[in-house]
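J.: quick one, structure for this:
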Amino acid sequence: MNTASHWQDKFCVVTGVASGIGAATAALLTAQGARVVGLDKVSEEDYKSSAVANSKVNYRNCDLGSPSEIEEIFSSLEGEKLFSLFNVAAMPTHGIGIKQLTVDQWDRVLSVNLRSVFLTIKHSIPLFEANGGGSIVNVSSVHAYASMKNHAAYAASKGGINSLTAQLALELNPLGIRVVAVAPGSINTPMTT
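T.: The predicted structure follows:
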């Protein structure tokens, strides 16, 4: 019986690795033997001293709202064969109603929650091609389907993830890249609490 893990020595990238679902995803992957690069916007020192720090994760400080930082990170990974990309990073609107929601707040949520998904996928394609394909998992939310008051930007970003996922599943299929989204409900994470 072969007891080797499916993930053993596979190269993966996880966004939002400094807390919640991203940290749990990285922990599961590294426990299965995957090599993980984790992206988030906390300093390396703060990550290493956090309760979710994972010494097996190659942590990279990256503002996922910054197109240039995302491009720079993926350029630095040239030569790797990417097996899986997990787009987990997100930020909420903290119950701000549409009348109080500023353009800057709207833009920041959409840039981190949706534009970063577009950019990480765009810049990861050469790494997937080097691997002969792979998989992308985008974390959406039930807010994309059945939201609540005062979450306009967050819900819009998650609905956008669903549409982007469906489109890219078709576009990237010929390259052997599978693209899926998962839509969890409320989970006890720092963002939720």
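J.: in stretch 169-181, what's buried?
T.: Neighbour-count burial for stretch 169-181 flags 172, 177, 179, 181 (criterion: 16 or more other CB atoms under 10 Å). Every residue, glycine included, has its C-beta placed from N, CA and C.
J.: send the alpha carbons of that stretch over as CSV?
T.: The C-alpha trace of stretch 169-181 is given here as CSV (Å, rounded to 0.1, in the frame of the first residue of the first chain):
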residue,chain,number,x,y,z
ALA,A,169,-12.4,27.4,-15.6
LEU,A,170,-13.3,27.5,-19.4
GLU,A,171,-10.4,29.6,-20.5
LEU,A,172,-7.6,27.7,-18.6
ASN,A,173,-9.0,24.2,-19.1
PRO,A,174,-7.0,23.7,-22.3
LEU,A,175,-3.8,24.3,-20.3
GLY,A,176,-4.7,21.6,-17.8
ILE,A,177,-5.5,24.2,-15.1
ARG,A,178,-8.7,23.4,-13.1
VAL,A,179,-10.3,26.5,-11.5
VAL,A,180,-12.9,26.1,-8.8
ALA,A,181,-14.5,28.2,-6.0
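J.: can you tell me what sits against that stretch?
T.: 121, 125, 128-129, 132-140, 161-162, 165, 168 (CB atoms under 8 Å, 6 or more residues apart in numbering).
J.: out of those, which are buried?
T.: Applying 16+ other CB under 10 Å to these flags 121, 125, 128, 134-140, 161-162, 165, 168 as buried.
J.: will you turn those into JSON lines that also has pLDDT and distance to Asp104?
T.: Listed next are the buried ones among the contacts of stretch 169-181 as JSON lines, based on pLDDT from 0 to 100; distance: CB to CB, whole Å:
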{"residue": "Ile121", "pLDDT": "98", "distance to Asp104": "25"}
{"residue": "Ile125", "pLDDT": "98", "distance to Asp104": "31"}
{"residue": "Phe128", "pLDDT": "98", "distance to Asp104": "34"}
{"residue": "Gly134", "pLDDT": "98", "distance to Asp104": "35"}
{"residue": "Ser135", "pLDDT": "98", "distance to Asp104": "34"}
{"residue": "Ile136", "pLDDT": "98", "distance to Asp104": "29"}
{"residue": "Val137", "pLDDT": "98", "distance to Asp104": "29"}
{"residue": "Asn138", "pLDDT": "98", "distance to Asp104": "25"}
{"residue": "Val139", "pLDDT": "97", "distance to Asp104": "24"}
{"residue": "Ser140", "pLDDT": "96", "distance to Asp104": "24"}
{"residue": "Ile161", "pLDDT": "98", "distance to Asp104": "21"}
{"residue": "Asn162", "pLDDT": "97", "distance to Asp104": "25"}
{"residue": "Thr165", "pLDDT": "98", "distance to Asp104": "27"}
{"residue": "Leu168", "pLDDT": "98", "distance to Asp104": "28"}
